[in-house]
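Novice: Test case, fold it:
(chains A and B)
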Amino acid sequence: MKLLAGFLFSFLSTVGFGVITNVPRRTLLPAGLTGAVAWIIYLVVAQATHNLILPNLLAALAIGLLANGAAILVRAPVNLLYIPCLVSLVPGAIIYLSLKDFTLGFDASAQQNLFKTLTIAMALAVGFVLAEAIFKPLRPILKSWCQQK
Amino acid sequence: MTNITERDVIDLCGLVGKILLENGAETARVENTVEYIGQAAQFPVSCHATMTAVFVDSKTNPNTHFVKVRVGDFNLQKVDDINTLSRQFTAHEIDYAQLKTGIAAIDRKVIDFNWLEKIIGAGLVSVAPMLLFKATWTDLAWALFVGILGYLGTQLATHKITTPYVSVALGGFIISLCATLLQLSGWATSADNIIISALMPLVPGVALTNSLRELIGKHTISGLVRAADAIMVAGSIGAGVIVGSVLAQILMGGAS
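Specialist: Predicted coordinates for the structure are as follows:
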């Protein structure tokens, strides 16, 4: 139930962010599915561990692999798929909380949240780099397979 | 292909780089696309892009073209259009003149989803999956409407106010004003949850992640510019939120 609702809402919010950032319409559906799958992975891994880095890293890895595949299918730059997919994972709420605490003078919790933000963003970025590295040898194979069809 | 001058190609490459950067492409893609176009037009150029400027340099002559860029909002449709054009040009499906008119058309054209679709989009983003089963369902429903208001306020202010960061602060202000009023009047349970959820379309999380990706890719300057920008945006949202909630408390507290 939780996973189903998570899948649905992360799909909707990925598509919504795609609309705000004006992605071409043909990438909306693959982006939404990728974002939803990544969110499910995040939820499952986050339940299994208390680690902050691992769920984000694995979710970003999933986005990286799926988005690269989808980018070849719909012939679009892969960044167009990355940006909407990221929206539910990204540490936007925490960086806002951190800077709100700075404004109010709660330095300790502000610093803690700032470090959390950087950790999550780093985990996501490393996940993407790993995905690109894994995908590089696969790309020509997938491309030729796509052209055959 | 006879009457193309090198100056012409470099100018066009500068324009391409400018459009790509302004609409949210990452620097590596900007540099690659410009260099491919130069290669295909038989005037090899090298390109260096940071978040604030694009340099296009001819490899054969001491010619450099420099374009200043003011990075704006994401408009990924334009990035995709340019990408398609440059792909066709490198595959020799269209010639140089067609490429030039195509790019000029993209530069002028306003490509957008219509307002209704954008409003629905902003509403959908405002229901954060992060808060499912943490916030109450009524709060999430409120967040949908509050998020739309905040997004609309920001978009309208962006067109009217040229001072940077004011429009996002206004968005934060509207959101927290609405959310705090809702909580104080008893219609919603937690203003904090509504604020966090409704801020999702405004908050610079994607920009921050992109900046770290660029830093890892050794595009140090643009990575740092993006990171500083993200922190400034988050800071102004935070300031706007605090002003909004204080104002709401004065408004309601004065009455009771």
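
Novice: For chain A, which residue occupies the most central location?
Specialist: A:Leu86 (3.2 Å; C-alpha atoms, centre = their mean).

Novice: does that one really touch B:Thr209, like I thought?
Specialist: Yes: here A:Leu86 reaches B:Thr209: they are 5.9 Å apart, a contact under C-beta atoms under 8 Å. (Glycine included, C-beta is placed from N, CA and C.)

Novice: what touches both of the two?
Specialist: Residues touching both A:Leu86 and B:Thr209 (C-beta atoms under 8 Å, 6 or more residues apart in numbering or on different chains): A:Leu124.

Novice: For B:His48, name its beta-bridge partners.
Specialist: Residues in a beta bridge with B:His48, per DSSP bridges, are B:Phe55.

Novice: Number of residues surrounding it?
Specialist: 18 (other C-beta atoms under 10 Å in any protein chain shown).

Novice: give me every residue that touches it.
Specialist: Counted by C-beta under 8 Å, 6+ apart, B:His48 has contacts B:31, B:54-55, B:57.

Novice: out of those residues, which is most surrounded?
Specialist: Most neighbours among the contacts of B:His48, by other C-beta under 10 Å: B:Val54, with 26 neighbours.

Novice: so who does the nearest residue to that residue once chain neighbours are set aside touch?
Specialist: With C-beta to C-beta, 6 or more residues apart in numbering or on different chains as the criterion, B:Val54 has its nearest non-adjacent residue at 3.7 Å, and that residue is B:Gly17. Taking C-beta under 8 Å, 6+ apart, we find B:Gly17 in contact with B:30-31, B:33-34, B:47, B:49, B:54, B:56, B:67, B:69.

Novice: pLDDT of the helix of greatest length in chain A, averaged?
Specialist: The single longest helix within chain A, with elements called by DSSP state H, is helix A:107-148. On average, the pLDDT along helix A:107-148 is 87.

Novice: those helices in the stretch 101-250 of chain B, which residues are they?
Specialist: Applying DSSP state H, counting those that start in this stretch to the stretch 101-250 of chain B gives helices spanning B:115-125, B:137-160, B:166-184, B:191-198, B:205-216, B:220-255.

Novice: Can you say which of the ones you listed is packed in most?
Specialist: helix B:191-198 (a mean of 26; mean count of other C-beta atoms under 10 Å in any protein chain shown).

Novice: so what does it touch, helix or strand wise?
Specialist: With contacts defined as 3 or more C-beta pairs under 8 Å, 6 or more residues apart in numbering or on different chains; DSSP states H and E, the packing partners of helix B:191-198 are helix A:92-104, helix B:137-160, helix B:166-184.

Novice: could the ones you listed be laid out in TSV, adding distance to A:Ala67 and mean pLDDT?
Specialist: Output for the helices and strands packed on helix B:191-198, formatted as TSV (distance: least, C-beta to C-beta, whole Å; pLDDT from 0 to 100):
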stretch	distance to A:Ala67	mean pLDDT
helix A:92-104	19	85
helix B:137-160	25	85
helix B:166-184	27	89
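
Novice: For B:Leu76, find the nearest of the ones you listed.
Specialist: helix B:137-160 (16.5 Å; C-beta to C-beta).

Novice: among the contacts of B:Gly17, which ones are buried?
Specialist: Listed as buried from the contacts of B:Gly17 are B:30-31, B:33-34, B:47, B:49, B:54, B:56, B:67, B:69; burial here means 16 or more other C-beta atoms under 10 Å in any protein chain shown.

Novice: Present the helices and strands packed on helix B:191-198 as a markdown table; the columns should include distance to B:Ala122.
Specialist: Conversion of the helices and strands packed on helix B:191-198 to a markdown table gives the following (distance: least, C-beta to C-beta, whole Å):
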| stretch | distance to B:Ala122 |
| --- | --- |
| helix A:92-104 | 14 |
| helix B:137-160 | 4 |
| helix B:166-184 | 10 |
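
Novice: I'd like to know which of those lies nearest to A:Leu65.
Specialist: That would be helix A:92-104 among those, by C-beta to C-beta, at 23.4 Å.

Novice: Spatially, what comes nearest to B:Glu117 if we skip its sequence neighbours?
Specialist: A:Val19 is the one closest to B:Glu117 (C-beta to C-beta, 6+ apart), at 5.5 Å.

Novice: Contacts only, for B:Leu15.
Specialist: Neighbours of B:Leu15 in contact, by C-beta under 8 Å, 6+ apart: B:67, B:103-104, B:107.

Novice: Which of the three states applies to it?
Specialist: Per DSSP: H, G, I helix; E, B strand; the rest coil, the local secondary structure of B:Leu15 is helix.

Novice: got any ranges where chain B has weak pLDDT?
Specialist: Under the criterion pLDDT under 70, the flagged ranges of chain B are B:1-3, B:71-72, B:111-112, B:254-256.

Novice: domain parsing for it?
Specialist: The record's domain parsing of chain B by automatic domain parsing lists B:6-108, B:115-255.

Novice: Can you tell me the element B:His65 falls in?
Specialist: Assessed by DSSP states H and E, B:His65 sits inside strand B:64-68.

Novice: May I see the buried residues of that strand?
Specialist: For strand B:64-68, a neighbour-count test (16+ other C-beta under 10 Å) marks B:65, B:67 as buried.

Novice: Following element in sequence after that strand, please.
Specialist: helix B:76-90.

Novice: And for that next one, what's in contact with it?
Specialist: When contacts are defined by C-beta under 8 Å, 6+ apart, helix B:76-90 is touched by residues A:21-24, A:27, A:75-77, A:79-80, A:83, B:16, B:19-20, B:23-25, B:29, B:33, B:36-37, B:39-41, B:94, B:96, B:99, B:102-103, B:106, B:111-112.

Novice: thinking again about what came up before, just the residues contacting the helix or strand hosting the residue nearest to B:Glu117, thanks.
Specialist: Counting by DSSP H and E, the element that carries A:Val19 is helix A:2-20. Residues outside helix A:2-20 that contact it (C-beta under 8 Å, 6+ apart) are A:27-28, A:31-36, A:38-40, A:43-44, A:83-85, A:87-88, B:74, B:113, B:117-118, B:120-125, B:127-129, B:132-133, B:151, B:200-201.

Novice: got the CA coordinates for whatever helix or strand comes next after it in PDB?
Specialist: Remark: after helix A:2-20, the chain's next helix or strand is helix A:28-48, criterion DSSP H and E. What follows is helix A:28-48, C-alpha atoms only, in PDB (Å, rounded to 0.1, in the frame of the first residue of the first chain):
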ATOM      1  CA  LEU A  28       7.300  12.900 -19.900                       C
ATOM      2  CA  LEU A  29       6.200   9.200 -19.700                       C
ATOM      3  CA  PRO A  30       9.700   7.600 -19.500                       C
ATOM      4  CA  ALA A  31      10.800  10.200 -17.000                       C
ATOM      5  CA  GLY A  32       7.800   9.600 -14.800                       C
ATOM      6  CA  LEU A  33       8.300   5.900 -14.800                       C
ATOM      7  CA  THR A  34      12.000   6.300 -14.100                       C
ATOM      8  CA  GLY A  35      11.400   8.700 -11.200                       C
ATOM      9  CA  ALA A  36       8.700   6.300  -9.700                       C
ATOM     10  CA  VAL A  37      11.000   3.300  -9.900                       C
ATOM     11  CA  ALA A  38      13.800   5.200  -8.300                       C
ATOM     12  CA  TRP A  39      11.500   6.400  -5.500                       C
ATOM     13  CA  ILE A  40      10.400   2.800  -4.800                       C
ATOM     14  CA  ILE A  41      14.100   1.700  -4.600                       C
ATOM     15  CA  TYR A  42      14.700   4.600  -2.200                       C
ATOM     16  CA  LEU A  43      11.800   3.600   0.000                       C
ATOM     17  CA  VAL A  44      12.800  -0.100   0.100                       C
ATOM     18  CA  VAL A  45      16.400   0.600   0.900                       C
ATOM     19  CA  ALA A  46      15.600   3.300   3.400                       C
ATOM     20  CA  GLN A  47      13.500   0.800   5.300                       C
ATOM     21  CA  ALA A  48      16.200  -1.800   5.400                       C
END
